[in-house]
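Engineer: predicted model and sequence follow; I will ask about them next.
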Amino acid sequence: MRRLTFTLLAAGLVIAPALAVPSALTAPLHLTAAAADLPAPTNTSPISGTATAPPWATNPPTLVGVRTGRHDRYDRTVFDFTGGTPNYRVEYGALVAEGTGNPISLAGAATLRVVFDGAFAHNVNTGASTIDLGRVYDPRLPTLRQIKSGGEFEAHVTFGLGLADRVGFRLLKLSGPPRIAIDVAHQPTQPFTTERFFGGDGTADRVQIARVRSGAHPGYDRVVFDLSTATTPLLTVSYTAYAPSTIHIGFTGLTTQRGTVGGPNPLSIGLTQARSVSFNIYDNGTVSAFLTTDHRTGFRVMLLSNPTRLVVDVAH
């Protein structure tokens, strides 16, 4: 069986009903063809890396193709090169035209910008184009909706991936032939519910909530509780009986050490559904968060790691 070799730069692992992510890997990961499919990525931070060949080489990194494909848990875009792979940076942000800075719109609710530095889209010896940068790709996959290029300028080649939502992504630098693959996660498949959630591995000695983040997504609001511990406390999530539109999130540490909460308390959120969150810290090792919503609707819960965090999505 042929063996594939690549460098995994950000990855995630899906479990039901929660999500977990192993540590990012920088050493080559060897997978057999039968086991080559990966879990959904969860990283949303910028990813950057260095070239395998410089732009002044006799055969510099030259883009020759763009391909897309659907996998079970993610959609993939592959950029094919000759001469090696260039420096790269992938992050959420607007796509603009190289040389002019004019904005370029894409289908989808979020744009993932891809910048190749020290790359060419033409033959440096003849000047002939090696790929049509004016082409618009419309794969219409679950997350990946459209691809456009920002053009080529002074050894910079840019692209934008139009996504259905702001989701996790990863980058894989491959060889034989040289190529860069970008995976974007499918949106969570677990349904929204009003049923009580129980979870967490319960091995965190102490509840330590570093901060709370929030963001609007198509059809739901997301509230993220970043934890300072490597593992999670016991967790419960449910609507309260006395305030039907308030979601109670209970954190219980392994010991009775008093928990900590970073940032303002209460915290105003002000989204369509998620309005605010406040905390009560108790002397028995528990912390209660009260997430006020506009009205009672479904929610879903995900547990992520590296870093450890609890995600609560509230449907509009």
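Structural biologist: Perfect, thanks for sending it. Numbers count the residues shown, from 1 in each chain.
Engineer: list the contacts for residue 167?
Structural biologist: 44, 110, 143, 184, 185, 186, 187 (Cβ atoms under 8 Å, 6 or more residues apart in numbering). Every residue, glycine included, has its C-beta placed from N, CA and C.
Engineer: where's it, which helix or strand?
Structural biologist: Following DSSP states H and E, one finds residue 167 outside all helices and strands.
Engineer: residues contacting the nearest residue to it once chain neighbours are set aside?
Structural biologist: Of all residues not flanking residue 167 in the chain, residue 185 sits nearest, at 4.3 Å (Cβ to Cβ, 6 or more residues apart in numbering). Contacts here follow Cβ under 8 Å, 6+ apart; on that basis residue 185 touches 12, 40, 41, 42, 73, 74, 143, 167, 168, 169.
Engineer: could you dump those residues into CSV and include distance to residue 152 and secondary structure?
Structural biologist: Output for the contacts of residue 185, formatted as CSV (distance: Cβ to Cβ, whole Å; DSSP: H, G, I helix; E, B strand; the rest coil):
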residue, distance to residue 152, secondary structure
12, 32, coil
40, 32, coil
41, 28, coil
42, 32, coil
73, 33, coil
74, 28, strand
143, 26, coil
167, 28, coil
168, 29, coil
169, 23, strand
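Engineer: which one of these is nearest to residue 127?
Structural biologist: residue 169 (33.7 Å; Cβ to Cβ).
Engineer: how many neighbours does the closest one have?
Structural biologist: Neighbourhood size, residue 169 [other Cβ atoms under 10 Å]: 29.
Engineer: same question, residue 217
Structural biologist: So residue 217, with other Cβ under 10 Å, has 17 neighbours.
Engineer: residue 166 versus that one, what's the distance?
Structural biologist: From residue 217 over to residue 166 the distance is 7 Å, taken as Cβ to Cβ, to the nearest Å.
Engineer: overlap in contacts of the two?
Structural biologist: residue 109.
Engineer: how about the helices in the stretch 1-150 of the chain?
Structural biologist: Along the stretch 1-150 of the chain, no stretch is classed among the helices by DSSP state H, counting those that start in this stretch.
Engineer: okay, now the nearest residue to residue 257 once chain neighbours are set aside: neighbour count?
Structural biologist: The spatial neighbour of residue 257 that comes closest, neighbours along the chain excluded (Cβ to Cβ, 6+ apart), is residue 206 at 4.4 Å. Number of residues near residue 206 (other Cβ under 10 Å) recorded here: 18.
Engineer: look at residue 206 and report its pLDDT.
Structural biologist: Residue 206 is assigned a pLDDT of 96 by the prediction.
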